[in-house]
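Peer 1: Provide a 3D model corresponding to the input given below.
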Amino acid sequence: MHKPSLRTIFLLISSTFTNIAIADQVVLDDGSLLKGTVKQVANGQLIMDTAFANEVTIDYARVNQITTDKKFLVELESRDRIVGKLSVDSNGQSQLSDTAFGSVNIDPKNIKNVWETDATKPQILAVQQEYQDEIKTLKADKEKEVEDLKSSYETALTALREERNRLRDPWSGSIAMGITGASGNTNRFGAHGRGELNRETDQERMNIYMEVNFQKEDGEQTANQKLAGLSLERDISEMWFARGSADFEIDDFEELDLRAIAAASLGRFFIREDDLKFKGFAGLGYRFESYSDGTNEKDPTGVLGYDVKYKMNSKLSLFHDFTYYPSFSSPGKNYLIVTNFGGEMPITEKEDWKVRASLRSKYNSQPAQDAESTDTTYQMNLVYDWD
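Peer 2: Below you'll find the predicted structure:
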């Protein structure tokens, strides 16, 4: 077996002691000794590469002594800067050796920064990193701002297109249909339908409607009512508008051959928002009624009412209106009240098909003979809307 020569053993031992000797050393306030390579001192921290834990960061306030094997640029608390090795003499005095002035005694507590002679000052690196981070943040904010602007632009463009299409074709409408039935002890059949045609521009709103309610029970008619009417509103200002309306009604079971009411009024929006519109109106009109017994009533009338439309959420809309028609000749005794209340919700993704539940109540203070003063109709309809 080949035995290593004395020269080889000596070289190995010398190499080992040399590696140990060239290691930087840091002594802490509790006497701990760290060996490795000092990287820098900055911002009150010492950074050191060690064999056991790679890079470690130490609170510099705990450092009592530093020894380095190569020159560093050392900045003192006095802002003086000296290039040299950090060392400790035989008396335990910390020094900067190999400087342009020879060896200089220093107190490690007065050292502010330490960095390699060919490296950039840590504070400059920190500023550069902060600058780069700020650039990244500004870039991210700018990209987000661009995305937000793009989204806002697309939303505004969509709204403008919808408004353009609405202005090009201001007409819309709906058809509502419903049936009821029963068989057995009672044979009942009922049908009701309502059609509406609307025209809306920036300053005008027009509505035309027609409604039919028919019901038969055990072979006899129990309801036969026909309604029709139109209204036109034109804005005077953002909140005020002029209104004209005409409503017609035929009701066999009220012995009413025809009721016609024409009115002109001044109205005001109390709330005019996208999801809530509340308006009121007051004016003058003329009421004509013809009954099956041949009697006719003609009388100037007042008109006072309000109308509410509320979009509660994307799935439910509510509506309510109330109109009071007092006769000029005897407003306390001869008057007519008509009110409607209901709600509807879409049942398809396009929201063109809906379900509508409604209640219509009418009170006539002077009904025909054998007719009730109050006439109430409940309906549940399937509605088709088109724009």
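Peer 1: buried set for stretch 56-71?
Peer 2: Using 16 or more other Cβ atoms under 10 Å as the test for burial, stretch 56-71 gives Ile58, Tyr60, Val63, Asn64, Gln65, Ile66, Thr67, Thr68, Lys71. C-betas here are computed from N, CA, C, even on glycine.
Peer 1: Surely the first one forms part of a helix?
Peer 2: No. The secondary structure assignment for Ile58 gives strand rather than a helix, going by DSSP: H, G, I helix; E, B strand; the rest coil.
Peer 1: Setting aside sequence neighbours, what's the nearest residue to Ala176?
Peer 2: Asn381 (4.0 Å; Cβ to Cβ, 6 or more residues apart in numbering).
Peer 1: How about Thr50?
Peer 2: Of all residues beyond its chain neighbours, the one nearest Thr50 is Gly36 (3.7 Å), with distances taken as Cβ to Cβ, 6+ apart.
Peer 1: Kindly report the same for Glu55.
Peer 2: In space, Glu55 is closest to Asp49, 5.5 Å off (Cβ to Cβ, 6+ apart).
Peer 1: domains for this protein, by residue range?
Peer 2: 20-124, 171-386 (automatic domain parsing).
Peer 1: Contacts only, for Leu76.
Peer 2: Leu76 sits next to Ile82, Ile106, Asn110, Ile111, Lys112 when contact means Cβ atoms under 8 Å, 6 or more residues apart in numbering.
Peer 1: Give me the packing partners of the helix or strand harbouring Ser265, helices and strands only.
Peer 2: Secondary structure assignment for Ser265, by DSSP states H and E: strand 256-272. Other helices and strands packing on strand 256-272, by 3 or more Cβ pairs under 8 Å, 6 or more residues apart in numbering; DSSP states H and E, are strand 240-251, strand 276-291, strand 296-313.
Peer 1: Now with 10 Å, please.
Peer 2: Strand 256-272 is packed against strand 220-235, strand 240-251, strand 276-291, strand 296-313, strand 316-326, strand 335-346, strand 353-364, with contacts defined by 3 or more Cβ pairs under 10 Å, 6 or more residues apart in numbering; DSSP states H and E.
Peer 1: Show me the shaky parts of the stretch 101-250 of the chain.
Peer 2: Across the stretch 101-250 of the chain, the ranges flagged by pLDDT under 70 are 119-128, 165-168.
Peer 1: leaving aside the residues next to it on the chain, what's closest to Asp307?
Peer 2: Going by Cβ to Cβ, 6+ apart, Asp307 has Asp321 as its nearest residue, at 4.4 Å.
Peer 1: That neighbour and Ala100, how far apart?
Peer 2: Using Cβ to Cβ, to the nearest Å, one gets 98 Å for the distance from Asp321 to Ala100.
Peer 1: When the two are compared, which one has more neighbours?
Peer 2: Legend: neighbour count by other Cβ atoms under 10 Å for Asp321 and Ala100, higher for Asp321 (15 against 8).
Peer 1: hang on, isn't that one packed against Asn340?
Peer 2: Yes. Using Cβ atoms under 10 Å, Asp321 is in contact with Asn340, at 5.2 Å.
Peer 1: before we move on, the earlier item: show only the entries of the buried residues of stretch 56-71 found in strands.
Peer 2: Of the buried residues of stretch 56-71, the ones assigned to strands by DSSP state E are Ile58, Val63, Asn64, Gln65, Ile66, Thr67.
Peer 1: What is the nearest of the residues you listed to Glu130?
Peer 2: Ile58 (23.2 Å; Cβ to Cβ).
Peer 1: ok, that closest one - contacts?
Peer 2: By Cβ atoms under 10 Å, 6 or more residues apart in numbering, the residues touching Ile58 are Val26, Leu28, Ser32, Leu34, Val41, Gln45, Leu46, Ile47, Met48.
Peer 1: same for the longest helix anywhere in the chain, what does it pack against?
Peer 2: Assignment by DSSP state H gives helix 122-168 as the longest helix of the chain. Contacts defined by 3+ Cβ pairs under 10 Å, 6+ apart place helix 122-168 against strand 33-42, strand 111-116.
Peer 1: and the first one, which residues are buried?
Peer 2: By neighbour count, with 16+ other Cβ under 10 Å as the criterion, the buried positions of strand 33-42 are Leu34, Gly36, Thr37, Val38, Lys39, Gln40, Val41, Ala42.
Peer 1: And for stretch 180-195?
Peer 2: Under the neighbour-count criterion of 16+ other Cβ under 10 Å, stretch 180-195 has Gly190, His192, Gly193, Arg194 buried.
Peer 1: before we move on, what SS does Asp118 have?
Peer 2: Classified using three-state DSSP, Asp118 is coil.
Peer 1: what does Val104 give?
Peer 2: strand.
Peer 1: Near it, how many other residues are there?
Peer 2: 15.
Peer 1: and if you look at Glu372?
Peer 2: 13.
Peer 1: In contact with Val338: list those residues for me.
Peer 2: 227, 247, 249, 261, 305, 321-325, 360-364, 375.
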